[in-house]
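J.: Predicted model follows, preceded by the sequence.
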Amino acid sequence: MHMPSSKKTCSAVLAAALLTLGSPAAATATTAGHTQPGRSSAEATLRQDLAAVRRAGGGDVNVLARVDGPTGPPLMARIGTRTAGSPAPIPWNAHFRVASTTKTFVATVVLQLVAEKRLSLDDTVEHWLPGVVTGNGNDGGRITVRDLLRQTSGLYDYIDDPGIQDRLLNHFDENRYDTTPAADLVAVAMQHQPLFLPRPGGATRWAYSNTNYLLAAMIAEKAGGAGWQDLVEHRVIAKLGLRNTSIPGLDPFLPDPHVNAYLTTPDGKRLDVTDHSLQHTADSGVVSTTADLNTFFRTLAGGRLLPAEQWREMRQTVERTDDPEDVAEMPEGTYGLGLRRIPLSCGGYYYTHEGDGAGVNTRPAVSADGRRAVTVSITTTTAPPGLAALNRATGTLVDHVLCRTPKS
C-alpha cells in the first residue's frame with residue numbers, strides 16, 4: 001500500500017473522513033536575517049503570501065518557503081512550529097517527503113536513458129514488461145513510455161482501489177509501515193478497467209494515475225540495470241551534490257531536522273503521521289529540502305541535466321482532458337513528461353510538479369530559463385487542507401516571486 005501522492009492525495013482522499021482539531025492559531029511569518037538593499041519589498045511580499053498560504057491551509061498548517069535566484073543569498077520565510085505544542089520554529093533546512101514531486105526525478109532519469117539509447121519513448125510497456133499490463137481491457141501493447149510519463153495511458157490509479165482506500169481512511173496507523181512492492185500495486189490497478197486506451201493518431205486524452213510512474217520506474221530498472229532508487233541517487237542526487245536529498249525506501253524515519261506532520265482521526269484525536277513507509281515507491285519516495293529542490297529544478301530548467309532533445313521532449317505538454325478533479329484543484333496549465341507548465345501573470349511560463357502525501361504538501365516552481373526557483377513546503381497539524389484553495393494561494397506566491405524583477 002502507498003499513500004496518495006498527487007491529484008489522488010492524502011489531502012483529497014482523507015479530507016472527508018478527518019475532523020478539524022482546535023481553532024486556527026494566529027501566527028506571523030518571519031524571514032531569514034539577510035539585509036540587502038532592495039530586499040525589503042520582496043521580504044514583505046513573501047511574508048504576506050506565506051500568511052495567505054497558511055490561511056488557505058486552514059490557519060494551522062506550518063509553511064516554509066525558499067527563493068533562490070542568480071545572485072545574492074536566498075530569500076526564506078517560515079511560519080509555524082517544529083512540533084505540535086512546541087515554541088520551536090520550523091527549521092530553515094527541514095527535511096520533508098516531496099511525494100509526487102518524485103515523478104520529476106524519475107522522468108529525468110528515464111529521459112537520460114532515452115538519450116543514451118537504452119530505451120525509446122515510443123517503446124511499449126509490453127515490450128519491456130511483457131504480461132504486466134493486461135486483463136480487464138488493459139493492453140500494455142497500446143501504451144508507450146511517453147504515455148506513462150505524460151499521464152496519457154488511461155490506466156486506473158491504484159490509489160483509487162477500494163481496498164487501498166479503506167486502509168488509508170480507516171486503518172492508517174495499522175498500515176503505516178507498509179512494504180507492498182510496486183509490482184503488487186500495479187497488479188491492483190490491473191483488477192480495474194482502464195479509463196481509456198491510447199489511440200495512435202487520435203485525440204490525446206489525459207488522466208492522472210500514480211500507476212504510470214510505478215511502471216515507468218520498472219522499465220527504467222530494466223533499461224538502466226539498477227533499482228530506480230539507485231538510478232535517481234546516482235544520476236541526479238549525487239551528480240548535483242544534493243546532500244539533503246535521499247530515498248529512504250522502507251525506512252520510516254525522516255532525517256533531522258524535520259517538521260512533524262499530523263492528521264486528525266474521526267474520533268477527534270491528533271495522529272502523528274511523520275514516521276511511515278507508505279511513500280516508498282517511484283511515484284512519491286524522495287525526501288528533500290527547499291534548498292535542494294530549488295537546485296534540482298534550476299539545474300533541470302537550465303538544461304544541465306538533460307541533452308537539448310530530451311529537455312524539449314520533457315516540455316512537450318498536453319491538455320488535461322479526463323480528470324475533472326485535477327483540473328478543479330490544480331492551476332491552469334498543461335502537463336509534459338513529469339512536469340507541469342503553468343502560465344505567469346507577467347507572461348511566459350514556469351515549470352513545476354506538486355507533491356501531496358500524508359500531512360505534507362510540496363510546491364516547487366522554476367522560471368522557464370532556470371534562473372529563479374521557489375519551493376513552498378506545507379505541513380499539516382490537524383486536518384488536510386483543501387487543495388483548490390491551497391493551490392490558489394501557493395500559485396499567487398509563486399507568481400509574485402517569479403514575476404518580480406531580478407534586482408528586487
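T.: All right, it came through fine.
J.: can you pull out the helices in the stretch 301-408 of the chain?
T.: For the stretch 301-408 of the chain, the helices defined by DSSP state H, counting those that start in this stretch occupy 308-314, 324-329, 387-403.
J.: Can you mark which positions in the last one are buried?
T.: Read it as helix 387-403. Taking 16 or more other CB atoms under 10 Å as the neighbour-count basis, helix 387-403 is seen to contain the buried residues 387, 389-402. Yep, even glycine has a C-beta here, placed from its N, CA and C like the rest.
J.: still on that earlier bit, closest one to residue 148 among the helices of the stretch 301-408 of the chain?
T.: Closest approach to residue 148 among these (CB to CB): helix 308-314, 13.3 Å.
J.: Run through the neighbouring helices and strands of the closest one.
T.: Identification of packing neighbours for helix 308-314 by 3 or more CB pairs under 8 Å, 6 or more residues apart in numbering; DSSP states H and E yields helix 102-115.
J.: what's next to the helix it packs on, contact-wise?
T.: Where contact means CB atoms under 8 Å, 6 or more residues apart in numbering, the residues beyond helix 102-115 that reach it are 5-6, 119-121, 145, 149, 213, 216-217, 219-220, 223-224, 228, 231-232, 235-236, 282-286, 296-297, 300, 305-307, 309-311, 313-314, 337-339, 353, 355.
J.: Tell me if I'm right that residue 398 and residue 367 touch.
T.: No: if you go by CB atoms under 8 Å, residue 398 and residue 367 don't touch, sitting 9.8 Å apart.
J.: Could you pull out the residues contacting both of the two?
T.: Counting by CB under 8 Å, 6+ apart, the residues touching both residue 398 and residue 367 are residue 350.
J.: Let me see the contact set for residue 56.
T.: 385, 386, 389, 390, 392, 393, 394.
J.: Kindly recompute the last result at 6 Å.
T.: With contacts defined as CB atoms under 6 Å, 6 or more residues apart in numbering, the neighbours of residue 56 are 389, 390, 393.
J.: nearest to residue 163, of these?
T.: Checking the contacts of residue 56 against residue 163 by CB to CB gives residue 390 as the nearest, at 28.2 Å.
J.: quick one: pLDDT of the closest one?
T.: The confidence metric pLDDT takes the value 97 at residue 390.
J.: Which is the succeeding secondary structure element to the helix or strand containing residue 149?
T.: Using DSSP states H and E, residue 149 sits within helix 145-150. Tracing the chain C-terminally past helix 145-150 and defining elements by DSSP H and E, one meets helix 162-170 next.
J.: mind listing the strands for the stretch 151-300 of the chain?
T.: 262-264, 270-272, 287-288 (DSSP state E, counting those that start in this stretch).
J.: how about those strands, which one is nearest residue 205?
T.: Between residue 205 and the strands of the stretch 151-300 of the chain, the shortest separation by CB to CB is 31.9 Å, and it involves strand 287-288.
J.: Contacts for that closest one next, please.
T.: Under the contact criterion CB under 6 Å, 6+ apart, strand 287-288 has outside partners 95, 97, 98, 245, 246, 248.
J.: Who wins on neighbours among these?
T.: The member of these that has the most neighbours, counting by other CB atoms under 10 Å, is residue 98 with 32 neighbours.
J.: Settle this for me: that residue is touching residue 354, isn't it.
T.: No: counting by CB atoms under 6 Å, residue 98 does not reach residue 354; the two are 9.6 Å apart.
J.: Quick one: buried ones out of the contacts of helix 102-115?
T.: Under a neighbour-count criterion of 16+ other CB under 10 Å, the subset of these counted as buried comprises 5-6, 119, 121, 145, 149, 213, 216-217, 219-220, 223-224, 228, 231-232, 235-236, 282-286, 296-297, 300, 305-306, 310-311, 313-314, 337-339, 353, 355.
J.: about what we covered before: now, which of the buried residues of helix 387-403 sits nearest residue 44?
T.: Ranking those by separation from residue 44, with CB to CB as the measure, puts residue 400 on top at 10.8 Å.
J.: related to what we said a few turns ago, report the set of residues contacting both of residue 98 and residue 354.
T.: Overlap of the contact sets of residue 98 and residue 354 (by CB under 6 Å, 6+ apart) is empty.
J.: Of all the helices of the stretch 301-408 of the chain, which one comes closest to residue 197?
T.: Comparison of the helices of the stretch 301-408 of the chain against residue 197 by CB to CB identifies helix 324-329 as nearest, at 19.7 Å.
J.: List the buried residues in the closest one.
T.: For helix 324-329, burial by neighbour count (16+ other CB under 10 Å) applies to 326, 327, 329.
J.: Is it possible to get CSV of those that adds pLDDT and distance to residue 125?
T.: Compiled in CSV, the buried residues of helix 324-329 are given as follows (pLDDT from 0 to 100; distance: CB to CB, whole Å):
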residue, pLDDT, distance to residue 125
326, 90, 22
327, 89, 26
329, 88, 28
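J.: CSV for these, including distance to residue 257?
T.: Converted to CSV, the buried residues of helix 324-329 look like this (distance: CB to CB, whole Å):
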residue, distance to residue 257
326, 33
327, 37
329, 30
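J.: so how far is residue 240 from residue 291?
T.: Note on residue 291: its distance to residue 240, by CB to CB, to the nearest Å, is 11 Å.
J.: of the two, who's got more company?
T.: Just comparing residue 291 and residue 240: by other CB under 10 Å the higher neighbour count belongs to residue 291, 20 against 17.
J.: contacting residues for that one?
T.: Taking CB under 6 Å, 6+ apart, one finds residue 66 in contact with residue 291.
J.: Kindly recompute the last result at 8 Å.
T.: Residues in contact with residue 291 (CB under 8 Å, 6+ apart) are 66, 68, 74, 93, 244.
J.: from what I can see the last one touches residue 257, true?
T.: No: with contact defined as CB under 8 Å, residue 244 and residue 257 do not form a contacting pair (10.0 Å).
J.: Find residues that contact each of the two.
T.: In terms of CB under 8 Å, 6+ apart, residue 244 and residue 257 are both contacted by the residues 93, 95.
J.: Looking at the two, which has the bigger crowd around it?
T.: Neighbours were tallied for residue 244 and for residue 257 using other CB under 10 Å; the higher tally belongs to residue 244 (18 against 15).
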